[in-house]
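Trainee: Have a look; sequence and predicted model below, questions after that.
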Amino acid sequence: GENVEQHPSTLSVQEGDSAVIKCTYSDSASNYFPWYKQELGKRPQLIIDIRSNVGEKKDQRIAVTLNKTAKHFSLHITETQPEDSAVYFCATGGTSYGKLTFGQGTILTVHP
Amino acid sequence: ETGVTQSPTHLIKTRGQQVTLRCSSQSGHNTVSWYQQALGQGPQFIFQYYREEENGRGNFPPRFSGLQFPNYSSELNVNALELDDSALYLCASSLAGFGYGYTFGSGTRLTVV
């Protein structure tokens, strides 16, 4: 089955710096790549997603890049703010009904 | 537009007991998927319901079962609870079946003692 590896497991940055989280996946048939933000005790919230016919997508301070050949995709957050502190999960999907395969998560801490 | 709601928010059960968790999908969504999130881990896919039938299942034993109702709400039932079943159970609804644009509920925190 699909395996998604996410790195780093923890990331600490200063406010205003950029943060990059990377994921690799094993199933070459995967064609949907969402990123979720989960604050402590709250539900995962979709922050950005990309489909396999697109190499990059940007939404204000957040961007995702996809390299299907290498089977990896990354989340880029620029001008980080303390409220960006949360756990971020990457996931892959689009091959089996309903199934998203999640990475292990990255704890992002933005220091004021 | 209403979001995904789950009940109860917290639950404590004894090993061997049975539990039913409930989920109301977001307005306009016809597909419900259930995930188990152990502490410090990413969510793991349990199964998905579409048109009141299970149409996808992850690597979970048969004691995990579910239902979907005509109004698209759903239940997750777990029989013969084990200590390792302690987790946050998340329900996600969507309009399509492949996981696009999931909206997650806030989850039910199940503790098995």
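Mentor: Structure's in. What do you need?
Trainee: Helix, strand or coil: sort out B:Thr111 for me.
Mentor: strand (DSSP: H, G, I helix; E, B strand; the rest coil).
Trainee: B:Tyr49 contacts B:Ser25, doesn't it?
Mentor: No. The pair B:Tyr49 / B:Ser25 is not scored as a contact, 9.6 Å apart, by CB atoms under 8 Å. Bear in mind the C-beta positions are built from the backbone N, C-alpha and C, glycine included.
Trainee: which residues are common contacts for the two?
Mentor: B:31-32, B:74 (CB atoms under 8 Å, 6 or more residues apart in numbering or on different chains).
Trainee: The chain: strands as residue ranges?
Mentor: The chain I'm using is chain A. All strands of chain A, identified by DSSP state E, fall at A:4-7, A:10-14, A:19-25, A:32-38, A:45-51, A:56-59, A:62-67, A:72-77, A:86-92, A:101-102, A:106-111.
Trainee: oops, I was thinking of chain B
Mentor: Counting by DSSP E, the strands of chain B are B:5-7, B:10-13, B:19-24, B:31-37, B:44-50, B:53-57, B:64-68, B:74-78, B:87-94, B:103-104, B:108-112.
Trainee: Could you tell me which residues make contact with B:Arg15?
Mentor: B:81-83, B:112-113.
Trainee: Closest to A:Ile62 out of those residues?
Mentor: B:Val112 (37.2 Å; CB to CB).
Trainee: Can you give me the buried ones in stretch B:33-47?
Mentor: B:33-37, B:42-47 (16 or more other CB atoms under 10 Å in any protein chain shown).
Trainee: quick one: contacts of it?
Mentor: Contacts of stretch B:33-47 (CB under 8 Å, 6+ apart): A:4, A:6, A:44, A:89, A:91, A:98-105, B:23, B:48-49, B:54, B:56-60, B:64, B:66, B:74, B:76, B:86-94, B:99, B:102, B:104, B:107.
Trainee: roughly how far out does it sit from the chain middle?
Mentor: For stretch B:33-47, the gap between its own C-alpha mean and the chain's C-alpha mean amounts to 9 Å (CA atoms, centre = their mean, to the nearest Å).
Trainee: that older thread, could you export the buried residues of stretch B:33-47 as CSV, including distance to A:Leu66 and pLDDT?
Mentor: Output for the buried residues of stretch B:33-47, formatted as CSV (distance: CB to CB, whole Å; pLDDT from 0 to 100):
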residue, distance to A:Leu66, pLDDT
B:Ser33, 23, 93
B:Trp34, 27, 96
B:Tyr35, 23, 96
B:Gln36, 27, 97
B:Gln37, 25, 96
B:Gly42, 19, 94
B:Pro43, 21, 95
B:Gln44, 23, 95
B:Phe45, 21, 94
B:Ile46, 27, 96
B:Phe47, 28, 94
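Trainee: Tell me the one of these nearest chain A?
Mentor: Taking CB to the nearest CB as the measure, B:Gly42 is the one of the buried residues of stretch B:33-47 closest to chain A, at 3.2 Å.
Trainee: Would you confirm that A:Gln104 contacts A:Gln6?
Mentor: Yes. Counting by CB under 8 Å, A:Gln104 does reach A:Gln6; the two are 5.2 Å apart.
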